[in-house]
Each structure stands twice: as C-alpha cells, then as structure tokens.
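>>> build me a model:
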Amino acid sequence: MKVPALAKYTVRDVLDYRGSATLHHAVAESDTIEDALALMHRLDIVSVPVFRCPGEAKPGGASFVGIVTVYDLRDYIVSSPVSSGLLWHPLMASKSPVEQNAFGAGVDDEVEFQQLAGHASGNATVLQTPVARVVESRSHAPREIAASAPLESLLRLFAEHSQHAVLVAGVGSESARDSKAQQVPHRRRGASVDSGCSSVLSTSPGSAHDEAADTAGGHLLRGAVCGLTQYDVLGFVQHHNHELGHGVLDTTVGELVGCHRPLPATVAVRDSALHALRRLADARAPALPVVDADGRLVAEVAGASLRGLTTQSIALLGKPVLAYILGLRIAPRTDPYVVAPSFTVAQIMYGMLRINCRRAWVVDSRGRPLAVVSLADVLRLLL
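Numbers count the residues shown, from 1 in each chain. Below you'll find the model as predicted:
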C-alpha cells in the first residue's frame, strides 16, 4: 500500500466510521424494475439489496439474494428489448393469444407510441421485468469481504475490480452496539448518491422501523446484511487525510489520470436520452459528458439519470437528453462537478464529498472535457 499509515485499518473501521444504520429498505426479487427505480429515486440512492420473500407455506425471514445497482438496471433496460417470449406479465393472463403476441413492447416502440398518443400504450414494457431477471442476467455480482479484512483488500475490490458495492461478512446485529465507533459527524441519510447499501440492515418485528418502512416504500429487512460503497471508503479516507501525506494529497489531476487520453464517448445536446443511455452501456462507463456544438461540457448523463423513470414517462427517453433530465426533475444534478488539470487530489476528495458526486470532469480553459476522475481513480492512488 502506498500509504503505510492506512495499513492498520480494517473493513470494520470503515463500518464504524459509517455509524449505526438508519436505512432499512430493499426490494423483493419479484418486484419490478420500475419498483426498484422508484425506491432509488425516493431515497436518493443508487443501489438496493434484493431479498427473496418467503411464501405462506414457508414462514420466516426473507433470504438475501444480492445487491442491484442502477447501473445493472440501466444495462438491462437499454440492451434487453421486451417481447412476449421474454417477459410474462400478470396482465397477459386475461388477453387472447393474438393480444399476447403483441403485448410485450420494446422500449423504442413504447417511446414512439407515447410520443404520438400522449399516453402509455398499456402494454408491458421492460420496466415491468422482475428484478430477479436483472440479477440473473448480469455478468458480475457484488463481491464479499470479511469485516476483519485489511482496508487494502477493500480498496483493491473497488479500484481494480470495478465494484460499486461490496458485501461485508462477519458483521452481526450486535456490531453497532459493540463497535468502537469514532465520534464523527453523522452524514444525513439520503444525502449521499451512494448510500443505498451503506448500512447494517437489521431490524426486528414490531420495531419503530416498521412505521418507517410504510412511509418510505420498499420492503423492511429482517436479519443483518451489510454493504459498503466506494463513497463510504472515500469518506473514511478523507476523515484520515492527515495521515495520507503530501505525496498523495498534492498529486494533480493531470498526474492522476492524464489529460491527453481521449474520453470513451461524448453525447451531443440534441441526442435523445435513449441514445445517450445506450452509448453509456456500449462504452461500459458510469457517465458520459454532454457537450454543446462547440464541444463544451454542459451536463453529464449517468446511470443514476434513470431513477424516477416510470411507464407513464417513458416518452421522455425520446427527448433530447437535457429535456429528459429536466423532465424527470433531476435538475439539481444536471451541473457536473468541473475541475482544472491543476486541481489536487485533496481538492477533488473534498469537492466530491461536499456536493455528493461520484466523479469530477476535467476541462480545458474553454470548458471542453479532457478527462474524468472517478472515485475508483482516487482510491487506486492509495494502493
């Protein structure tokens, strides 16, 4: 590890820094993509735990399936057109075989219909796909790490294996009681773009959290499940920035990522939102810059831009990307975090945590994007 002072910390130290959990919601694997997006939008998060709810014949607590991120949902939406052979929806049971063949509507078909008719077609779309299909179809899954593992191992999962969230094993519900939690300002839940799995998810029947579940939506969790995100680790590192040394903190953006390598792709302001999201998936990037006719950065389009999308608002995907972002009322996130090549890692970390963002766009003197600094880039510097 490049910073020896951090070698003494473990995953449990990061959990202790996070403090006691206050978010207790998940989706069932039978819930739809639309349900998951709605929950992420309502709680301002980018990932949620998925549980298999027990049937009446088998009472007991729900079993943990995994974590699904908004990036998983994005890739499924833009790459898996829905047809009657791919998706069964309860509404199909009352339709004739001919109607069933025409029931599954691809995203493009539904966008076109809504733009022409001004209302939803009534057909099932990809948003009605059960979350279980998304979990089954993805090529990767969150990895697991022990609470006793060194911080370096956690950094490598995030920096070298493209993990957005990591499951933590060996953490019981008593950990919050017995931990040596540091006295740090507790971050307001829901304020973090990455807080969806940053919790020890543990409740008991009849607790005060039952009432909270009814007001915020989603499913109440029974038992202990714990996850950490890149954003959590960045917050922990920032809290210990006095131990990093000037060699790390004074590293400039140019030294960190370079400003001469081309960006994977850009999105023009006139491109449709659906086109932009497909470019995201093709580029395997969490976000792309939206540029004007002069190539200047005006916004960013990210997987999180899908939160709030509903069957009734699919027509927005056919609009220019800026109109889509404003139409879903996510305008506060429209302005990207912009830095100059001379910015240091210390400034980048502070800025990301200050405005709750996952990346910083490096621009030249004319405002044209040169590179992007991600959370993983910052964490990779510590290894």
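>>> remind me which residues of this protein are low pLDDT?
Where the chain drops to pLDDT under 70, the residues are 20-24, 54-62, 80-106, 139-142, 171-225, 259-261, 329-334.
>>> mind doing that once more with 50?
Counting by pLDDT under 50, the chain contains low-confidence residues at 21-23, 56-60, 82-104, 173-217, 219-223, 331-333.
>>> can you give me the strands for it?
Assigned strands in the chain, in chain order: 25-28, 47-52, 63-69, 144-146, 165-169, 200-201, 219-220, 225-229, 267-268, 287-291, 297-302, 338-339, 359-363, 369-374 (criterion: DSSP state E).
>>> helices of the stretch 251-383 of the chain, start to end?
Using DSSP state H, counting those that start in this stretch, the helices assigned to the stretch 251-383 of the chain run over residues 253-257, 273-283, 321-327, 345-355, 375-380.
>>> what's the closest of those helices to residue 133?
For the helices of the stretch 251-383 of the chain, proximity to residue 133 was assessed by CB to CB; helix 273-283 is nearest, at 16.5 Å. All C-beta atoms are positioned from the backbone trio N, CA, C, and that covers glycine.
>>> the helices in the stretch 51-200 of the chain, which residues?
Counting by DSSP H, counting those that start in this stretch, the helices of the stretch 51-200 of the chain are 70-79, 97-101, 107-117, 131-137, 151-160, 175-178.
>>> in the longest one, what's buried?
With burial defined by 16 or more other CB atoms under 10 Å, the residues of helix 107-117 counted as buried are 107, 109, 110, 111, 113, 114.
>>> out of the strands of the chain, which is closest to residue 256?
Short answer: strand 369-374, nearest of the strands of the chain by CB to CB, at 6.3 Å.
>>> deepest of the strands of the chain, which one?
Ranked by mean neighbour count, the strands of the chain are led by strand 225-229 with a mean of 26 (mean count of other CB atoms under 10 Å).
>>> list every C-alpha atom in that one, with coordinates, as PDB.
What follows is strand 225-229 as a C-alpha-only set of coordinates in PDB (Å, rounded to 0.1, in the frame of the first residue of the first chain):
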ATOM      1  CA  VAL A 225     -26.900  -7.700   5.900                       C
ATOM      2  CA  CYS A 226     -24.100  -5.200   5.400                       C
ATOM      3  CA  GLY A 227     -22.600  -3.400   2.400                       C
ATOM      4  CA  LEU A 228     -20.100  -0.700   1.700                       C
ATOM      5  CA  THR A 229     -19.600   1.500  -1.300                       C
END
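>>> pull up the pairing partners for that strand, direction included.
If you go by DSSP bridges, strand 225-229 pairs up with strand 165-169 (antiparallel), strand 200-201 (antiparallel).
>>> hmm, back to that, pipe the strands of the chain into TSV and attach distance to residue 157 per row.
Below are those laid out as TSV (distance: least, CB to CB, whole Å):
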stretch	distance to residue 157
strand 25-28	22
strand 47-52	15
strand 63-69	13
strand 144-146	6
strand 165-169	5
strand 200-201	19
strand 219-220	27
strand 225-229	9
strand 267-268	30
strand 287-291	21
strand 297-302	21
strand 338-339	26
strand 359-363	19
strand 369-374	15
